[in-house]
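In: next comes the sequence, and after it the predicted model I'd like to discuss.
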Amino acid sequence: EPEVTQTPSHQVTQMGQEVILRCVPISNHLYFYWYRQTLGQKVEFLVSFYNNEISEKSEIFDDQFSVERPDGSNFTLKIRSTKLEDSAMYFCASLQGFDYGYTFGSGTRLTVV
Amino acid sequence: QKEVEQNSGPLSVPEGAIASLNCTYSDRVSQSFFWYRQYSGKSPELIMSIYSNGDKEDGRFTAQLNKASQYVSLLIRDSQPSDSATYLCAVSPSGNTPLVFGKGTRLSVIA
């Protein structure tokens, strides 16, 4: 069964450093998303991406965050200057079309120290 | 503010029983409804999607939707210990718009 692949599975970074989280969505999917989940909390929407541009973003997705799809397969989330409160599980998801549920990747656990 | 509410649990049921999980949502224009299962430390895994009022069955799982009451539920028949997980209700205005998740209900199936 096709999978959404995320790397790395776990990243530890110092506060203020830049991190890039990587995702390879399912190849025939058209919509791409980043969500995050802090410990014991809800899964929260960050940003959606369609047709090579951001289609929607949440209040969390401020100027410190950016996304890109540089080569037609990878989908990346960059956090420019990490804060302690950015520590969370980050999930990439992709969607084939309107009548299908999202497929989530296995996640990247980001720990900011 | 779009909200999805779930009882956090834990909901404990004996093996073989029916587990009933409930969810309410605030956004009346919501059209797409999903149940995800999440094991501890893992990503959400889609179990069921439902788009119209009524029941939808898939194996041991039945999703029920009542848009007038803004209520969606998940029934798990013949519960197994492997069903022990957190069940997330997720809602969106249409299929490709961002999902709004509830906090999840933790289910524990006791052998």
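Out: Arrived safely, thanks for sending. Numbers count the residues shown, from 1 in each chain, chains lettered A, B, ... in the order given.
In: what comes into contact with stretch A:38-56?
Out: A:30-37, A:57-58, A:60-61, A:65, A:67, A:69, A:75, A:77, A:87-89, A:91, B:44, B:88, B:90, B:96-104 (CB atoms under 8 Å, 6 or more residues apart in numbering or on different chains). (Each C-beta comes from the backbone N, C-alpha and C, glycine too.)
In: of those, keep whichever come out buried.
Out: A:31-37, A:57-58, A:60-61, A:65, A:67, A:75, A:77, A:87-89, A:91, B:44, B:88, B:90, B:96-104 (16 or more other CB atoms under 10 Å in any protein chain shown).
In: those in strands, which ones?
Out: Assigned to strands by DSSP state E, the following of the buried ones among the contacts of stretch A:38-56 qualify: A:31-37, A:57, A:65, A:67, A:75, A:77, A:88-89, A:91, B:88, B:90, B:100-101.
In: spatially nearest residue to residue 6 (excluding sequence neighbours)?
Out: Just so you know, I chose chain A. A:G105 (3.8 Å; CB to CB, 6 or more residues apart in numbering or on different chains).
In: switch to chain B, please.
Out: B:G102 (3.8 Å).
In: report the contact partners of that neighbour.
Out: Contacts for B:G102 (CB under 8 Å, 6+ apart) come out as A:K42, B:V4, B:E5, B:Q6, B:C23, B:L88, B:C89, B:A90.
In: run through chain B and note the low-pLDDT ranges.
Out: B:95 (pLDDT under 70).
In: likewise chain A?
Out: Scanning chain A with the threshold set as pLDDT under 70 gives A:98-99.
In: let's see 90
Out: A:1-3, A:26-30, A:39-40, A:50-52, A:70-73, A:95-102 (pLDDT under 90).
In: go ahead and flag the most central residue of it.
Out: What sits nearest the mean C-alpha location of chain A, by CA atoms, centre = their mean, is A:W34, with 3.2 Å.
In: which ones are touching that one?
Out: A:L21, A:C23, A:L46, A:V47, A:V67, A:L77, A:Y90, A:F91, A:C92, A:A93.
In: secondary structure element for the first one, which one?
Out: Which is A:L21. Applying DSSP states H and E as the criterion places A:L21 in strand A:19-24.
In: what is that strand packed up against?
Out: Secondary-structure packing of strand A:19-24 (3 or more CB pairs under 8 Å, 6 or more residues apart in numbering or on different chains; DSSP states H and E): strand A:5-7, strand A:10-13, strand A:31-37, strand A:75-79, strand A:88-95, strand A:108-112.
In: now with 7 Å?
Out: For strand A:19-24, the packing partners by 3 or more CB pairs under 7 Å, 6 or more residues apart in numbering or on different chains; DSSP states H and E come out as strand A:5-7, strand A:75-79.
In: quick one, what contacts B:R28?
Out: The neighbours of B:R28, taking CB atoms under 7 Å, 6 or more residues apart in numbering or on different chains as the test, are B:Q70.
In: would you verify that it is located in a strand?
Out: No - the assignment for B:R28 (DSSP: H, G, I helix; E, B strand; the rest coil) gives coil, which keeps it out of a strand.
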